[in-house]
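Participant: Sequence first, predicted coordinates after that:
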Amino acid sequence: MESIFVYGAGGQGRVVVDTMRNARVEFGLTTMIDDNRELHGKQVLGHVVHGDQAIHRERGFIAIGDNEARVRIASKFCGRLVTLVHRTAFVGQSVTLGEGTVLMAGTVVNVGSVIGNNVIINTGATIDHDCKIGDGAHIAPGCHLCGGVQVGEGSLLGVGTLVVPGIRIGRRAFIHAGQTVTSNVPDGAVVRNSR
């Protein structure tokens with residue numbers, strides 16, 4: 001079993017460590033890393049947290065929920081990041097998963113979909129056939145994307161977002177929780193229905 005570092009000791013890091021323990025390909029943990037010096041020397045899920053100087057030549061995973069920070073840190077480790085797939089995730093035929101991407105518990109990625117690098121497909125999210133998810137995007141828990149949806153790099157789809165077939169969501173868009181997206185979303189847009 002290969003042992004890797006996990007960069008991020010917050011909530012996302014804890015879920016990633018748990019995903020590692022329940023992944024289709026098992027990984028051990030050499031060290032847990034965080035930039036927050038107040039966490040150094042403390043334990044998270046039984047692992048002592050260190051600064052990034054504790055990373056040597058091992059491969060790893062960037063477990064940071066913030067898209068911009070995750071992609072920035074991941075760029076320092078290109079070619080060294082693993083992809084994690086929880087054992088309860090369903091991955092269809094002809095699916096591409098990028099480096100540093102995680103499919104968490106209960107996720108579905110259907111046939112022909114392409115998931116970029118450093119993407120989070122969070123708990124219970126479903127990605128239907130022929131979707132394209134750009135690098136550094138985060139599909140939050142309980143999101144459901146119908147067939148042929150495109151999500152631009154660095155976008156965040158909040159908890160429970162529903163996207164109808166064929167929609168294009170631009171780069172670095174932010175879809176608030178619980179939205180139903182029925183028309184294309186431009187780059188950098190924020191989508192929140194007024195109530």
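Facilitator: Yep, that arrived.

Participant: make it CA atoms for all contacts and neighbour counts henceforth
Facilitator: Noted.

Participant: show me where pLDDT drops low in the protein?
Facilitator: 194-195 (pLDDT under 70).

Participant: so what does the helix ranked longest in it touch, helix or strand wise?
Facilitator: Looking across the chain with DSSP state H, the single longest helix is helix 11-21. The contact analysis (3 or more CA pairs under 8 Å, 6 or more residues apart in numbering; DSSP states H and E) places helix 11-21 against strand 2-7, strand 27-33, strand 84-85.

Participant: The last one: what's the following helix or strand?
Facilitator: Next helix or strand after strand 84-85 toward the C-terminus (DSSP states H and E): strand 90-91.

Participant: who touches that following strand?
Facilitator: With contacts defined as CA atoms under 8 Å, 6 or more residues apart in numbering, strand 90-91 is touched by 106-111.

Participant: cool, stretch 57-72 as well?
Facilitator: So stretch 57-72 is contacted by 3-10, 12-13, 16, 73-74, 80-83, 100, 118, 136-138, 154-156 (CA under 8 Å, 6+ apart).

Participant: Pull out the buried residues from the residues you listed.
Facilitator: Buried by 16 or more other CA atoms under 10 Å: 4-10, 12-13, 16, 74, 80-83, 100, 118, 136-138, 154-156, out of the contacts of stretch 57-72.

Participant: Could you list the domains of this structure?
Facilitator: 2-77, 83-195 (automatic domain parsing).

Participant: Out of these, which one sits most buried?
Facilitator: With neighbours taken as mean count of other CA atoms under 10 Å, the domains of the chain reach their highest mean count in domain 83-195, at a mean of 21.

Participant: Let me see the ranges of the helices in this structure.
Facilitator: 11-21, 67-74.

Participant: Same list (those) but as JSON lines, adding distance to residue 129.
Facilitator: Shown next, in JSON lines, are those (distance: least, CA to CA, whole Å):
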{"stretch": "helix 11-21", "distance to residue 129": "24"}
{"stretch": "helix 67-74", "distance to residue 129": "24"}
